[in-house]
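Undergrad: What follows is a predicted protein model with its sequence.
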Amino acid sequence: MKLHNRKKLKNIRKHLRNHSTAAEATLWKMLKNKQIGGYKFRRQHSIDMYIVDFFCYDLMLAIELDGEVHADLNSIAWDTERDEKLPKLGITVLRYENRWVYEYPEIIKSDILKHARKMFEDI
């Protein structure tokens with residue numbers, strides 16, 4: 001069974017890319033074109049039945065931004081389920097509130113690079 005970018009989620013992924021939040025658009029400017037450590041990130045990438053905001057295959061790393069939409073009980077339950085499932089697939093999830101993109105972009109970059117170093121130290 002295909003786990004990544006399943007066809008049945010293609011239209012949803014496309015819609016999410018075309019209707020990014022301001023924080024997602026800002027973080028994408030930092031991640032695209034291999035600007036952090038030379039790693040390629042994809043945005044609105046599906047893994048199994050979930051769509052993550054950003055994903056790097058080389059690092060097996062998903063990045064999720066939490067805004068207002070993540071505050072309701074259904075979203076919290078879905079996020080919790082996803083955060084339990086993805087590590088079972090070997091994927092690390094880094095989660096940040098939207099405001100971190102504006103207030104602490106260097107911490108986000110540093111976290112990504114720390115994850116990369118740790119991953120390659122463990123090999």
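TA: That came through fine. Given the structure is predicted, the values throughout are model-derived calculations rather than measurements.

Undergrad: which outside residues touch the helix-or-strand element of the chain with minimal mean pLDDT?
TA: Lowest on mean pLDDT, DSSP states H and E among the helices and strands of the chain sits helix 73-88, with a mean of 84. For helix 73-88, the external contacting residues (Cβ atoms under 8 Å, 6 or more residues apart in numbering) are 47, 48, 50, 52, 62, 64, 66, 69, 70, 92, 93, 95. The way it works is simple: take the backbone N, C-alpha and C, and place the C-beta from them, glycine included.

Undergrad: go on, stretch 90-99?
TA: With Cβ under 8 Å, 6+ apart, stretch 90-99 has contacts from 21-23, 47, 52, 55, 59-67, 79, 82-83, 86-87, 108, 111-112, 115.

Undergrad: and it, how far out from the chain's middle?
TA: 6 Å (Cα atoms, centre = their mean, to the nearest Å).

Undergrad: tell me the secondary structure for the residue nearest the centre of the chain?
TA: By Cα atoms, centre = their mean, the chain has its centre lying nearest to residue 63, at 2.5 Å. Under DSSP: H, G, I helix; E, B strand; the rest coil, the three-state class of residue 63 is strand.
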